[in-house]
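1. quick one: sequence and predicted model below, then my questions.
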Amino acid sequence: MNHILLPIPTGKTKGVLIAPTVFGNVMLGPTADDLDDKTDTASSVDGLERLRSLGLRLMPKLLEHEVTAVYAGLRAATEHADYVLEVDREAHYVCAGGIRSTGLTAGMAIAEWVRDGLADAGLDLRERDQALPEITMPNIGEASPRPYMRSEVVAIDPQYGEVVCFCERVTRGEIRDALAGVIPPTDPDGLRRRTRALAGRCQGFFCGARVAELLEQGQASVGAEPEPLGGELLS
């Protein structure tokens, strides 16, 4: 898999697609179902069967492989086809909702719209006295060498040679760095997103207890509120 495979889009969705990831695995999905329960993040037998049948049409050989993980979540859809962008001057309230897939590329423009809307509503805008802390993303893909692969890095800091999650080859050094980051994870899901720990074939069966221990140690030194969990996918 070197490319994203897309079916012919419909008026509602681009359809179930097959996509390689930067981690080296392949994802199939998502579904696009309207739900009344806005807290329902469960996968469904019907949804997974639809994924498999549609994936079979795109790449029959794919369905011969084992499914490593199933994901499900809610996207920011509303009854409106477009974004919901509003500023309520009297209530001092800004709404930026219904941001669907295109929000990834529209994010900066939406931020500018919110800023200008707040200014028009009378908010006193001024530059910060200090710049925001620089936030960098660690290398968690397979396009360049991971820390455990670099002998010179391990020689300087042996924790980069201590593998915690063997499925995804995540080291204690990477977990330590994530826990000490500008925006540290506050639950296992957040740590998984930052390091790939718990995201492998065993789904945390081997490393879950150790990862939980390291996460607890990190939370003991950094207090933070839990972050929210974010259609269905097969990986």
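-> Received it, and whenever you're ready, just let me know what you need.

2. residues contacting the most centrally placed residue in the chain?
-> In the chain, the residue lying closest to the centroid (CA atoms, centre = their mean) is residue 193, at 5.8 Å. Residues in contact with residue 193 (CB atoms under 8 Å, 6 or more residues apart in numbering) are residue 185. (Glycine included, C-beta is placed from N, CA and C.)

3. report the secondary structure state of it.
-> What DSSP: H, G, I helix; E, B strand; the rest coil gives for residue 193 is helix.

4. average pLDDT for the longest helix along the chain?
-> Across the chain, the helix with the greatest residue count (assigned by DSSP state H) is helix 103-120. The average pLDDT within helix 103-120 is 92.

5. A strand includes residue 18, no?
-> Yes - judged by three-state DSSP, residue 18 forms part of a strand.

6. look up how far residue 115 lies from the residue nearest to the centre of the chain.
-> Between residue 193 and residue 115 the distance, using CB to CB, to the nearest Å, works out to 27 Å.

7. just to revisit the earlier point, which helix or strand lies directly C-terminal to the longest helix of the chain?
-> helix 151-156 (DSSP states H and E).

8. in this structure, which spans are strands?
-> Here the chain has its strands, by DSSP state E, at 17-20, 26-29, 70-71, 84-88, 93-97, 163-165, 170-171, 233-234.

9. so can I have CSV of those showing mean neighbour count and mean pLDDT?
-> Output for the strands of the chain, formatted as CSV (neighbours: other CB atoms under 10 Å; pLDDT from 0 to 100):
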stretch, mean neighbour count, mean pLDDT
strand 17-20, 17, 93
strand 26-29, 21, 92
strand 70-71, 15, 86
strand 84-88, 14, 93
strand 93-97, 14, 92
strand 163-165, 21, 96
strand 170-171, 26, 95
strand 233-234, 22, 46
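
10. so which of the ones you listed gets nearest residue 219?
-> Closest of the strands of the chain to residue 219 is strand 163-165, at 16.6 Å (criterion: CB to CB).

11. parallel or antiparallel, which strands does that closest one pair with?
-> Note on strand 163-165: by DSSP bridges, its sheet partners are strand 170-171 (antiparallel).

12. can the strands of the chain go into TSV with extra columns for distance to residue 150?
-> Output for these, formatted as TSV (distance: least, CB to CB, whole Å):
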stretch	distance to residue 150
strand 17-20	24
strand 26-29	27
strand 70-71	31
strand 84-88	45
strand 93-97	41
strand 163-165	14
strand 170-171	11
strand 233-234	31
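
13. who wins for proximity to residue 55 among those strands?
-> Of all the strands of the chain, strand 26-29 sits nearest to residue 55, with 4.5 Å by CB to CB.

14. just checking, what packs against that closest one?
-> strand 17-20, helix 45-58, strand 233-234 (3 or more CB pairs under 8 Å, 6 or more residues apart in numbering; DSSP states H and E).

15. so how far is the longest one off the chain centroid?
-> In this case it means helix 45-58. Between the centre of helix 45-58 and the centre of its chain there are 22 Å (CA atoms, centre = their mean, to the nearest Å).

16. tell me what it is packed against?
-> Using 3+ CB pairs under 8 Å, 6+ apart: helix 45-58 touches strand 17-20, strand 26-29, strand 233-234.

17. possible to save these as TSV with distance to residue 78?
-> As requested, the helices and strands packed on helix 45-58 are arranged in TSV below (distance: least, CB to CB, whole Å):
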stretch	distance to residue 78
strand 17-20	23
strand 26-29	21
strand 233-234	22
